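Colleague: heads up, no residue letters with this:
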C-alpha cells in the first residue's frame, strides 16, 4: 500500500457520488471520458509515488538554504517537477490553444491530492504556479500571457503570490509597497514582501511574482491596491531572459514543517513591474488566485490527513498490544491494536475527517467546473455563489480537521509516532501551516460569517441550504438513513436560525458581539457541511456489498454520533451573543 | 518578562487558594515558612532562567548523538544540572538525614514548573532522578539506599525507569526481559528496553536504571514482574565505581521534540541487577514512581502550555494588525491584536487551560504532602485515594489541554509562530510527547474509568465529589458565583449518574461497551475537575481589586461558558452505551 490517497475511495467519490462522468457531455470536456480520467490519474499516481513521495523525508531533513546569492533546494525537487512537467500536468486544465488538454478542474484536483499527500512542499511549487497562471489567463493582456503565462503552462517558469508584508499579513489594507509609474508604461516597485513560498530558487528558469502594491495617489485602503507582474529575470519580447530584476532575497524563514519549499522575505528594490488589468483592482484579481489557493490549502490539509490516516490504519493492523477489554487472561495472545475501542475511535475520526474532507474538496472543485461550463449563466452564477460560501469552509474547517487527524495518527502510533523514523510526525508539522497561510482560520471564520453567508441577500447561504435539503429529501425514504436525515434537517434549521439572528444583530450595529464567536460559526457550518456530505456517501453506499461500503456507513454513523451532536452546543454559544471575547475599555487580560 | 510561569499566579494559587502555609504547622515542615518557600522559589527561578531557558533552543537544534561509545549532550545540560545540584534541589523534599531540607512536595512541584517551562528536556534528567530516588527511599534496602539513593540525592548519579520494550509499551504484561538469580544473590538480566529517557549520557557519574523483568518460574502476567536496580557502572560497597555493567546502548530515538534528553533503546546483556523488595512485586513498587512521573508529565504539559500562553500574550500586545470589527475606516491606526475577539478567544482558552492546570497539579502535589503528613491515618488514606483518582486526570487531561494551548499559541503568532525564530513551535512539538509517554492518554482514560473511580467501592470518586460539593456550598452564597455553583452542581450530578451507569453495565458483563468511550469520560471528568478549580479561583478573587483578580473571574467565566457547557454532550455520548467503537467479528475498517 502506497498510503497516499485511496484510489478506491477517489473513484467512489468521483463517479458514484459526484458523478463527474457527466462533465464529459459538456462541450469543453467532450474529448474526455472516464478512461482518459483514469489514465491521467494513473500517470499522476505513479509520478507522485516515484518522484514525490521518495524525497518527502529528505525535504524535511535537508531544507533549502541561501548561500548569499542563490537558494538551493534538494535536486530531487527539480527532478520531480520535471516529471510533472513532462506529463503535461502544468497545463492540463487549460485550453488546447494554450497547450492544455481541457481537463476538468475536479480531475486535476483529484490528482493534486496524490502529489500533496506524497510531498506537500514539492507539490506547492506546482500549485502556486497553477494559481498564478489562472490570474494571468483571466486578467493578463495578450502580451503578458505570451511572456508570463505560456512559460508557466510549459512548466519553465514558476509563479508566486506576493501579498503579505512583515507588518501586514491578515490586514492587506495596510501594505506599504509602492509602484511608481514610468514613462515607458512599466512601474518601479519598492517594498518588502513576507512569507513568499517559492520566492527564490533555481528550480525553474524564471519566477513570475504577482505582487500587490499601491500606486501613489490612489484611494486609501484595499481600494488602492493594484496587481503587478514582477519577474525574477526580465523577459524580452521574444521570450528570452533579460537581466535580473530588483527582487532581492532578504531572508529565508525556517519553519516547523513544510520545509522543502523555500519561504522568503523578498525586498523589492526598484523592481520593474507590469500592471495587470486596471489600476486599483488588484485585490479582486488576486482573490481569483486566493480562492483557488484556499481550496488548495484545504486540499493540502486533507491530503496530509488522508495519508496520515492510511499510515495509522496500517500500523494499527500490524502492531499488537494487550488484549480485548473483556479478556483478562494474560496467556491470551496480544491482539492488533485496531481491535481496541479507543484506537478505533481515533481511526474512525481520521477516516471521517479525511474522506469527508476529500469529498468537500472535490465538490468545491466540481463547482469550479460548473462555474465555467454550466449550460446557463444562472447555473454558473449559482455555482459561483455556492463556491464563495464554501471556500472559507474548505480552507478553514478542513485545515482544522487536518491537524486533529494528524494528531490522532501520531497517537495511534504511540511513541513510535513521535519519532522521525515514522512519517506521521512530519505530516503533523507540515499540516500545522494550513490553519495559518492564505488567511488564518480566524480570518476564514470572519469571511464566512461577516461576508459570505450574507452576500447578495443571503443567496449563497440559501444555495447551500437548498443543496442540503435535496440530500435530506432523497434520504428520508431509506429506513436506515431517515434518522440521519432528520438530524441533519434539525441541524440545518438551527444553523439557519443562528445565521439570521447573528446577521440581524450585526445589521443593528452590534457587530462585535455578533461576530465575536465567528470561529464557533465556522465549526458549526463546517460540521453541518460535512454531515451533509457524509449522508450523501451513506446514500450511495447503502445496499451495496462489501467492506468498503460498510466502512462508509460506519464512518457516517461516527459522524452523526460524534460530530453532528455538537450542533446544539455550538448554536447555543452563538445564539446568546456572548461577549466574553469582546475587548473592554480597561483590559484586564494584559495582567498575568 | 521571562515568560516561564507567572510568579504572581503561583503565589495566588499556593497561598490564597491552596493555603499551603498551613503545612508549616506540621511536624515534618516545622522549620519552613512562607519566607523559606519564597527563598527557594527565587533561587529556582533564577537558575531556571539563567541556566535552563538559555539553552532550550540549542537543545532542540543540536540533539544528543551517539558516537558508538558515548552519548553526547550539549555541555549546557551538565552545567544547568550542576547549578540545580549545587542549590540542593535534588534532595530538597527528603529527610534531613538523607541530606534534604524536608521541603513540602507542593513547593518542589511549584519550582519544578519553572524548570519545565524553561527547558523540559534538561529538567527531565532531574525529574526522572527524583522519581527513581523515591522508589529506593520507599522500597530499597539500607545497603541499596546507601549505594544508589544517596548519590542520586547528591545529584551525582541520575536515575531512569525501564519499563517498556520494543514490542510492549502499554501492555507490561508482555515484557520479556528475564532476570536469572545468581548464587551471590544478584541477578543477571537479559532483554531490550525501549523509550528510556536519559538511558545513556555522560552528564552524571553513573546511571541507576530501575528495570522491570521476570524471574523465570514466576506467575504469568503482571503478577510475575519484579523490580531490579541495574546501574550503568557497578558500584562497590565503598561507593566507588566498578566496571561497566552489561547495559548497552542499542540506539537513540530521534524525536519530534523533547530533543535535549537522549531517549534510548537499551540492550541488557547479562547485566548485573539487584532485586528491590520482594520478587514479583515489581509493578506495585514501580507504580510509586509512575504515579509521580504521571504528575510530572501533567506538570510538564502545563508548564509548556503556560509559557506558551505568556509568549502569546506578549505577542498579542505588541503585534498590531487591522482594526476593530466595528471600525471600517482604513485610516484608523492598526490595533494590537489582543483587541480582536478571536485572538482573545485563543488567549482566554490558553489562560484557562494553563492556570487551571497549574492549580490541578499543585492540588495533586498538596495531596502528596497530605498523604505523608496528615494528622490521622484516615486523612492520609483519603488523600491517597483522591490522588489515585486524580492522577490519570493530571496526566491525561492536562496533557490534552497542553497540546490545545500550544496549538493556539502558534495560531496567535500567525506565520511567525510557525517559524523556529519564535519559541512556540518548539513548545508545541515538545508538548506532543506528554499525551504519549508514561501511559498514553487512552490508557489514562481506561485507568480512570475502569479502575480508579470504582476502586474501594467508589471511595475515591466520593472523595472527589465531596470536595467539589464543598466548593459549591461555599459559592452558593455569592450572588455572582451562585450561577456557576448551580451549573457545577448539575455537572457533578450528571457525572455521578454516568459513572454509576457505566460501572453497573461493566459489572453486568458489558465491559467493552461500557468502557468503549473511556476517552469521553476522561474529558468529562477532567472538565468538571477544572470547572471546580476555576470556581475556587473565582471564589478567592471575588471582591479583590485589580486586573489580576478580574482576569481570574473572566477566565472562570470563559471556562463555564465554553468548557463546562460540553458536559451534557459528553454525558449523552457515554450514557447511550454507543458501540460505534466496538470491534465486530468482520472488520470493515481494514478496507479503505
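Modeller: That came in fine, so what should we check first? The model shown is predicted, which means the values in this text are computed figures rather than measured ones.

Colleague: please enumerate the helices of the stretch 251-400 of chain A.
Modeller: Along the stretch 251-400 of chain A, counting by DSSP state H, counting those that start in this stretch, helices occupy A:282-318, A:341-373, A:377-392, A:398-413.

Colleague: can you pull the buried residues of the longest strand that chain A contains?
Modeller: Longest strand in chain A by number of residues (criterion: DSSP state E): strand A:263-275. With burial defined by 16 or more other CB atoms under 10 Å in any protein chain shown, the residues of strand A:263-275 counted as buried are A:263-268, A:271-275. C-betas here are computed from N, CA, C, even on glycine.

Colleague: got TSV for the residues you listed, with distance to residue A:366 and pLDDT too?
Modeller: Output for these, formatted as TSV (distance: CB to CB, whole Å; pLDDT from 0 to 100):
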residue	distance to residue A:366	pLDDT
A:263	31	97
A:264	34	97
A:265	37	97
A:266	35	98
A:267	41	98
A:268	38	98
A:271	39	98
A:272	40	98
A:273	36	98
A:274	34	98
A:275	34	98
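
Colleague: ok so, going back, adjacent strands (with direction) for the longest strand of chain A?
Modeller: Here strand A:263-275 has these sheet partners by DSSP bridges: strand A:187-197 (antiparallel), strand A:225-231 (antiparallel), strand A:247-252 (antiparallel).

Colleague: what's the angle from it to helix A:282-318?
Modeller: 150 degrees (axes from the mean of the first three to the mean of the last three CA atoms, to 10 degrees).

Colleague: hmm, back to that, so which of the buried residues of strand A:263-275 comes closest to chain B?
Modeller: residue A:263 (8.5 Å; CB to the nearest CB).

Colleague: list the contacts of the closest one.
Modeller: For residue A:263, the contacting residues are A:195-197, A:199, A:252-253, A:255, by CB atoms under 8 Å, 6 or more residues apart in numbering or on different chains.

Colleague: dump the residues you listed to a markdown table, plus pLDDT and neighbour count.
Modeller: Conversion of the contacts of residue A:263 to a markdown table gives the following (pLDDT from 0 to 100; neighbours: other CB atoms under 10 Å in any protein chain shown):
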| residue | pLDDT | neighbour count |
| --- | --- | --- |
| A:195 | 97 | 26 |
| A:196 | 97 | 24 |
| A:197 | 97 | 21 |
| A:199 | 98 | 28 |
| A:252 | 96 | 18 |
| A:253 | 96 | 19 |
| A:255 | 97 | 23 |
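
Colleague: residue A:219: what secondary structure?
Modeller: Of the three states, residue A:219 takes coil under DSSP: H, G, I helix; E, B strand; the rest coil.

Colleague: enumerate every residue touching it.
Modeller: residue A:280.

Colleague: recalculate using a threshold of 10 Å.
Modeller: Residue A:219 is in contact with A:225, A:280, B:330, counting by CB atoms under 10 Å, 6 or more residues apart in numbering or on different chains.

Colleague: what's in contact with stretch A:585-592?
Modeller: Outside stretch A:585-592, the residues touching it (CB under 10 Å, 6+ apart) are A:583, B:1, B:3, B:5-6, B:8-9, B:306, B:309-310, B:313-314, B:316-317, B:336, B:338-339, B:343-344, B:347-348, B:351, B:354-355, B:546-555.

Colleague: one more: stretch A:505-517?
Modeller: A:445-446, A:449-450, A:454, A:498, A:501-504, A:521, A:523-524, A:570, A:573-583, B:324-328, B:339-342, B:344-345, B:562.

Colleague: at 8 Å what do you get?
Modeller: A:446, A:449-450, A:502-503, A:573-574, A:577-582, B:324-326, B:341-342, B:345.

Colleague: which parts of that stretch are buried?
Modeller: Buried residues in stretch A:505-517 (16+ other CB under 10 Å): A:506, A:510-517.

Colleague: pull up the residues of the stretch 201-350 of chain A that are close to chain B.
Modeller: A:220-222, A:253-257, A:309-310, A:313, A:317, A:320-326, A:330-331, A:334, A:338-348 (CB under 8 Å from any CB of the partner chain).

Colleague: which of those residues are buried?
Modeller: Looking at those with 16+ other CB under 10 Å, the buried ones turn out to be A:221-222, A:253-257, A:309-310, A:313, A:317, A:320-323, A:325, A:330, A:334, A:338-348.

Colleague: following element in sequence after whatever helix or strand residue A:122 lives in, please.
Modeller: Per DSSP states H and E, residue A:122 falls inside helix A:120-139. Remark: after helix A:120-139, the chain's next helix or strand is helix A:142-144, criterion DSSP H and E.

Colleague: I'd like the next helix or strand past that next one.
Modeller: Criterion used, DSSP H and E; the element after helix A:142-144 is helix A:150-153.

Colleague: which residues touch that next one?
Modeller: So helix A:150-153 is contacted by A:90-91, A:94, A:98-100, A:129, A:132-133, A:136, A:157-159, A:205-206, A:208, A:239 (CB under 8 Å, 6+ apart).

Colleague: of those, buried ones?
Modeller: A:90-91, A:94, A:98, A:100, A:129, A:132-133, A:136, A:157-159, A:206, A:208.

Colleague: which ones among the residues you listed lie within helices?
Modeller: A:129, A:132-133, A:136 (DSSP state H).

Colleague: give me the contacts around stretch A:485-497.
Modeller: Outside stretch A:485-497, the residues that reach it (CB under 8 Å, 6+ apart) are A:461, A:465, A:468-469, A:471-472, A:475-476, A:478, A:524-525, A:527-528, A:531-532, A:535, A:560, A:564, A:567-568, A:571, A:575.

Colleague: circling back: what's the most buried one of the strands paired with strand A:263-275?
Modeller: With neighbours taken as mean count of other CB atoms under 10 Å in any protein chain shown, the strands paired with strand A:263-275 reach their highest mean count in strand A:225-231, at a mean of 26.

Colleague: relative to helix A:120-139, how tilted is that strand?
Modeller: Going by the same axes, to 10 degrees, strand A:225-231 makes 120 degrees with helix A:120-139.

Colleague: next one: strand A:225-231 to chain centre, how far?
Modeller: Relative to its chain's centre, strand A:225-231 lies at 24 Å (CA atoms, centre = their mean, to the nearest Å).

Colleague: mind giving me the packing neighbours of whatever helix or strand residue A:212 lives in?
Modeller: Following DSSP H and E, the helix or strand that holds residue A:212 is strand A:206-214. Packing partners of strand A:206-214 (3 or more CB pairs under 8 Å, 6 or more residues apart in numbering or on different chains; DSSP states H and E): helix A:120-139, helix A:150-153, strand A:157-162, strand A:178-181, strand A:187-197, strand A:225-231, strand A:263-275, helix A:282-318.

Colleague: take the contacts of residue A:219 and lay them out in a markdown table including pLDDT and distance to residue A:433.
Modeller: Listed next are those as a markdown table, based on pLDDT from 0 to 100; distance: CB to CB, whole Å:
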| residue | pLDDT | distance to residue A:433 |
| --- | --- | --- |
| A:225 | 97 | 25 |
| A:280 | 97 | 31 |
| B:330 | 82 | 29 |
